[in-house]
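[1] Structure, please.
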Amino acid sequence: MANILIVDDEKEIVDLVALYLQNNGHTVIPFYDPALALESDLRTVDLAILDVMMPNMSGFQFCGELRKMELSFPIIMLTAKDADTDKINGLMLGADDYVVKPFNPLELVARVTAQLRRSKNYSASTQADNLIDINGLVLNEEAHTCRLYGKDVDLTPTEYAILLLLAKNCGKVISSEVIFESVWGEKYLDSNNTVMVHIQKLRKKLDDTDKKKKFIQTMWGVGYKIES
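    Here you go, the predicted model:
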């Protein structure tokens with residue numbers, strides 16, 4: 001099973017989440033101090049669960065530090081706030097999902113399972129040469145790699161899943177609803193900005209600027225597409 005990092009200053013939350021995850025066969029690495037967590041060896045971590053509101057260092061800051069270290073394992077944020085700005089901040093910094101407190105532990109376990117499954121698929125590597133090449137953007141569906149003009153692009157599993165969905169449907173417009181339900185496996189809500197934020201992150205990594213969008217096109221009121 002997986003090694004799950006939990007960083008939360010509330011011991012009761014850590015103990016509750018740890019109990020449910022351990023009952024599902026996972027190994028839990030708990031920290032109540034984010035600074036100490038950053039000093040630990042995080043190379044064996046498969047997924048992180050971070051509280052947003054912590055003293056000295058917020059979950060947002062911790063998430064940003066993880067991504068600076070080029071650790072690409074999935075990150076789930078625990079937030080007591082349901083504001084779109086808080087969710088967008090976390091997603092822009094590299095989080096893959098968020099759960100609003102108070103939460104059902106079984107829902108959190110389900111989200112952990114979904115993120116681990118996506119990460120495992122992303123990390124899998126075979127020798128098969130199954131390539132999608134769109135104007136210098138090359139995706140290897142079997143090896144789960146992305147290269148842009150011959151250089152590797154570091155994507156999270158969620159970002160890769162979105163890009164692959166668009167690339168495999170090159171020329172077709174894919175709605176935010178279809179993207180969300182295909183990648184996250186959950187029912188889409190009209191107020192959900194998750195897809196939009198991940199598209200913004202993808203554009204930044206692909207150097208797809210507002211002045212010259214080379215890959216991901218926005219079809220206002222409809223969705224997104226990649227044009228060959």
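[2] And the pLDDT for residue 224?
    Predicted confidence (pLDDT) for residue 224: 93.
[3] Quickly find the element holding it.
    Using DSSP states H and E, residue 224 maps to strand 223-226.
[4] for residue 63, same thing?
    Using DSSP H and E, residue 63 sits in helix 59-68.
[5] Rounded mean pLDDT for the helix or strand following that helix, please.
    Per DSSP H and E, the first helix or strand lying C-terminal to helix 59-68 is strand 75-79. Averaged across strand 75-79, pLDDT comes to 91.
[6] which ones are touching the residue positioned nearest the centre of the chain?
    Computing the C-alpha centroid of the chain and ranking residues by CA atoms, centre = their mean puts residue 96 first, at 2.5 Å. By CB atoms under 8 Å, 6 or more residues apart in numbering, the contact set of residue 96 is 74, 75, 76, 115, 156, 157, 158. Every residue, glycine included, has its C-beta placed from N, CA and C.
[7] Against which helices or strands is the strand holding residue 224 packed?
    helix 157-168, helix 176-183, strand 216-219 (3 or more CB pairs under 8 Å, 6 or more residues apart in numbering; DSSP states H and E).
[8] Mind listing residues that contact the shortest one?
    By that I understand strand 216-219. For strand 216-219, contacts defined as CB under 8 Å, 6+ apart pick out 166, 173, 199, 202, 203, 206, 208, 224, 225, 226, 227.
[9] Which positions within the host helix or strand of residue 90 qualify as buried?
    Assigned by DSSP H and E, residue 90 belongs to helix 84-92. Neighbour-count burial for helix 84-92, with 16 or more other CB atoms under 10 Å as criterion, is recorded at 86, 87, 88, 89, 90, 91, 92.
[10] Name the nearest residue to residue 17, sequence neighbours excluded.
    Residue nearest to residue 17 in three dimensions, not counting chain neighbours: residue 6, with 5.7 Å by CB to CB, 6 or more residues apart in numbering.
[11] And the furthest pair within the contacts of strand 216-219?
    Between any two of the contacts of strand 216-219, the greatest separation by CB to CB is 18.5 Å, found for 173 and 206.
[12] More neighbours: which of the two?
    Set residue 173 next to residue 206 and count neighbours by other CB atoms under 10 Å: residue 206 wins out with 19 against 14.
[13] Surely the more buried one is in contact with residue 155?
    No: contact criterion CB atoms under 8 Å: residue 206 and residue 155 do not qualify, at 9.5 Å.
[14] Compare the contacts of residue 96 and tell me which is most surrounded.
    In terms of neighbours by other CB under 10 Å, those top out with residue 75 at 28 neighbours.
[15] mind checking the end-to-end distance for stretch 171-182?
    18 Å (CA to CA, to the nearest Å).
[16] Buried deepest among the helices and strands packed on strand 223-226, which one?
    Of all the helices and strands packed on strand 223-226, helix 157-168 has the most neighbours on average by mean count of other CB atoms under 10 Å, namely a mean of 21.
[17] Tell me which other helices or strands it touches.
    Using 3+ CB pairs under 8 Å, 6+ apart, helix 157-168 sits against helix 105-123, strand 131-134, strand 137-140, helix 176-183, helix 194-205, strand 223-226.
[18] how about these in TSV, adding distance to residue 63?
    Listed next are these as TSV, based on distance: least, CB to CB, whole Å:
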stretch	distance to residue 63
helix 105-123	14
strand 131-134	30
strand 137-140	26
helix 176-183	19
helix 194-205	13
strand 223-226	25
